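# mind folding the following:
(one chain, ligands or ions: 1)
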Amino acid sequence: MIPSDGLRSASPLPFLAHAMRHEERTAVIGDQGAFSYRELLDASSHVAAGLLDGRPDLEEERIGFLITPGFAWVAALWGIWRAGGIAVPFPAGSPRPELEYLVEDTRASALLFDALAAPLLEPLAAERGIRACLYDELARRPAANLPQLGVEHRAMILYTSGTTNRPKGVVTTHANIAAQITSLVAAWEWTPSDRILLCLPLHHVHGIINVVGCALWSGASCRMLPRFDADAVWEHIAGGELTLFMAVPTIYVKLIAAWEAASPGRRAELSRASAGLRLMVSGSAALPVSTLERWREISGHTLLERYGMTEIGMALSNPLHGRRLPGSVGTPLPGVDVQLTGEDGKPVAPGTSGEIEVRGPGVFAGYWGRPEATQEAFRGDWFRTGDTAVLEEGSYRILGRTKIDILKTGGHKVSALEIEEALRRHPAVAECAVVGLPDAEWGERVAAAIVLKEGHALDLASLRSWARESLAAYKAPSRILLVKALPRNAMGKVIKPAVAALF
Ligand code: AMP
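Next comes the predicted model:
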């Protein structure tokens, strides 16, 4: 619409327009108390004004920020967005060289941090001659005119680790983020009366989009924990305040352990309270069927497993209503096209494994500063995820990362995830990770790193003879290594190259 004064009418970015509909509702609850959408809009406008410092628009300058999850984290993100910047959420607890890499790779023009992160980031900014901004100071700046931005404006860079190279920055626009969020809001039927707990780190798509993004898009409220703590999570579930919970499989494993350590009375109380939630979701790594089953016994919930990736947001999900298939990740989410392709690049028939390719408005805009990597990652407008899956009974089952989890042994292609799922049924196995080790005779050998249950023992011969009852001989591990713990990243995902290095 062109108003009569001839100026193009400026509509706020979608996340703002949504927040404005719910000004009086509670948006964020954290250690500092409860904050409304109004307070979030106010604080973020001050942060934006402070970042602009008299300029009309940050024009997609990158602003790295490190703030403890809570109200200030969201106000900082929104402030960067409202000033026209690209937000780069830094991972908490990163060693200095990793943060230096992020600052250099993004060519950040400013770092924004809270008092806790100041001792780390202030000197880093000073060394590079870039602006250092303390959140509390920016939030006190007087309000100013903020730029009008379009949805094609780039909004965020999330870093995703490659297996061999340094992490790549995944760039999303406001339109991408809006598409990723609206797909989940529709599929999982978010409403303003939802209340979710954030216990995931805020440098990853899971926490940022699926939890905080969807909640604040919907006018719902998000209780934010500074970090994951099993007892604190149970405390909030027991308090009866939540309607939704989303986490990675390792978090469910830790919640199960905490539940098992509780007294019988407390267990009953926790189980009763969790049954009151309307939805519990797992994703970001394969959910072991044993974990799904144990969680069902404890909470009464069949976890809804979904599949997604930093580059695409969420792509596949089991249904909100209807049968959820253990070990499967369901069907394409609204607005997402999915196909499986063979090595010739052509779609494969159902029942045949292939690489997952994804298309849709949620797919990212490109890797930051890496045009070749971006080009390689696409086949036309299809993003090649690098994950292999198979469509069975109308539902996708993830077989793993094509280059890491699909092993070639004795001419057979096998899925590490499938072998892990089988090995976890062994009575002595608590956790395991399967990798392929280069081998002159077999191409690759199936090797399993295993964490034993307390008081159990296991040797290769007995594991092999046990495994052959449920797995073809070539899938049974020919090497095992007993370890105390599997190497995992901040999201709780097993780092496969680090597992291979153990052998
Ligand atoms: P990230 O970009 O860190 O979210 O990692 C995305 C990767 O995690 C995907 O490419 C998959 O390899 C893996 N992943 C995500 N969800 C699942 C799932 N439900 N089952 C198995 N793997 C998953």
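# ok, now how distant is the residue positioned nearest the centre of the chain from the ligand?
The C-alpha lying nearest the average C-alpha coordinate of the chain belongs to H206 (C-alpha atoms, centre = their mean; 2.7 Å). Going from H206 to the ligand by C-beta to the nearest ligand atom, to the nearest Å gives 6 Å. Bear in mind the C-beta positions are built from the backbone N, C-alpha and C, glycine included.
# my understanding was that that residue contacts S282; is that so?
No - here H206 does not reach S282: they are 10.2 Å apart, not a contact under C-beta atoms under 8 Å.
# between these two, what contacts are shared?
Residues touching both H206 and S282 by C-beta atoms under 8 Å, 6 or more residues apart in numbering: M246, V248.
# give me the neighbour count for the nearest residue to R140 once chain neighbours are set aside.
Spatial nearest neighbour of R140, excluding adjacent residues (C-beta to C-beta, 6 or more residues apart in numbering): H46 at 6.8 Å. By the measure other C-beta atoms under 10 Å, the count of residues near H46 is 19.
# ok, now P350?
As a burial measure, P350 scores 10 neighbours (other C-beta under 10 Å).
# in a strand, it, correct?
No - read with DSSP: H, G, I helix; E, B strand; the rest coil, P350 is coil and lies in no strand.
# list the contacts of V205.
V205 neighbours (C-beta under 8 Å, 6+ apart): L158, Q180, G308, M309, T310, G313.
# from these, which is closest to V248?
Nearest to V248 among those, counting by C-beta to C-beta, is G308 at 11.7 Å.
# report the strands that pair with the helix or strand containing that closest one, each with its relative direction.
Assessed by DSSP states H and E, G308 sits inside strand 304-309. With DSSP bridges as the test, strand 304-309 is paired with strand 279-282 (parallel), strand 313-317 (antiparallel).
# about what we covered before: can you check the pLDDT for the residue nearest to the centre of the chain?
As predicted, H206 sits at a pLDDT of 97.
# check the gap between it and L452 for me.
Going from H206 to L452 by C-beta to C-beta, to the nearest Å gives 29 Å.
# also G300?
G300 is 30 Å from L452, where distance means C-beta to C-beta.
# re earlier: next one: the residue nearest to R140, what pLDDT does it get?
On the pLDDT scale, H46 gets 98.
# quick one on the thing from earlier: which of the contacts of V205 sit farthest apart?
Longest span within the contacts of V205, C-beta to C-beta: L158 and G308, 12.2 Å.
# and L292, helix, strand or coil?
helix.
# quick one: it and S328 touch, right?
No - L292 lies out of contact with S328 (C-beta under 8 Å); the separation is 10.6 Å.
# shared neighbours, the two?
By C-beta under 8 Å, 6+ apart, L292 and S328 have these common neighbours: E305.
# now do the strand holding G308, average pLDDT.
Here strand 304-309 scores 98 as its mean pLDDT.
# give me the residue from the stretch 401-503 of the chain nearest the ligand.
The stretch 401-503 of the chain approaches the ligand most closely through R401 (5.1 Å), counting by C-beta to the nearest ligand atom.
# for the stretch 301-450 of the chain, that is, sorry about that
Closest point on the stretch 301-450 of the chain to the ligand, by C-beta to the nearest ligand atom, is T310, at 3.4 Å.
# for the stretch 101-250 of the chain, same thing?
Counting by C-beta to the nearest ligand atom, the stretch 101-250 of the chain gets nearest to the ligand through T160 (4.9 Å).
# what's that residue sitting at in phi/psi?
Dihedral angles of T160 (phi, psi; degrees, to the nearest 10) stand at phi -130, psi 130.
# interface residues of the stretch 301-450 of the chain facing the ligand?
Neighbours of the ligand within the stretch 301-450 of the chain, by C-beta under 6 Å from any ligand atom: E305, Y307, G308, M309, T310, V329, T385, D387, I398, R401.
# now do the helices in the stretch 401-503 of the chain.
All helices of the stretch 401-503 of the chain, identified by DSSP state H, counting those that start in this stretch, fall at 402-405, 416-423, 460-467, 496-502.
# so can I have CSV of the ones you listed showing distance to D439, mean pLDDT and mean neighbour count?
Listed next are those as CSV, based on distance: least, C-beta to C-beta, whole Å; pLDDT from 0 to 100; neighbours: other C-beta atoms under 10 Å:
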stretch, distance to D439, mean pLDDT, mean neighbour count
helix 402-405, 16, 93, 18
helix 416-423, 15, 95, 22
helix 460-467, 15, 93, 15
helix 496-502, 12, 95, 16
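# TSV please, covering those and showing distance to L255.
Shown next, in TSV, are the helices of the stretch 401-503 of the chain (distance: least, C-beta to C-beta, whole Å):
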stretch	distance to L255
helix 402-405	26
helix 416-423	20
helix 460-467	28
helix 496-502	24
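# now the end-to-end length of stretch 402-422.
19 Å (C-alpha to C-alpha, to the nearest Å).
# which other residues reach that stretch?
163, 286, 288-289, 327, 353, 355, 386-388, 398-400, 432-436, 439, 442-446, 448, 467, 470-472, 474-475, 477, 496-497.
# write the ChimeraX selection for whichever of these are buried.
The ChimeraX selection below is limited to those of those classed as buried (16 or more other C-beta atoms under 10 Å):
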select :286,288,327,353,355,386,387,388,398,399,400,432,433,434,435,436,442,444,445,446,448,467,471,475,477,496
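# for the closest residue to the residue of the stretch 101-250 of the chain closest to the ligand other than its chain neighbours, give me its contacts.
Once flanking residues are discounted, T160 sits nearest to T310: 4.3 Å by C-beta to C-beta, 6+ apart. Contacts for T310 (C-beta under 8 Å, 6+ apart) come out as L158, T160, V170, H204, V205, F364.
# got a list of what the fourth one touches?
If I follow you right, that is H204. Neighbouring residues of H204 by C-beta under 8 Å, 6+ apart: L158, S284, T310, A490, M491.
# any idea how far the ligand is from the second one?
So the one you mean is S284. S284 is 5 Å from the ligand, by C-beta to the nearest ligand atom.
# any weak-confidence spans in the stretch 1-150 of the chain?
Low-confidence segments of the stretch 1-150 of the chain (pLDDT under 70): 1-10.
# one more pass at 80, please.
Applying pLDDT under 80 to the stretch 1-150 of the chain flags residues 1-11.
# got a pLDDT number for the closest residue to V348 other than its chain neighbours?
Of all residues not flanking V348 in the chain, G354 sits nearest, at 4.0 Å (C-beta to C-beta, 6+ apart). pLDDT for G354: 97.
# next: G162.
For G162, the model assigns a pLDDT of 64.
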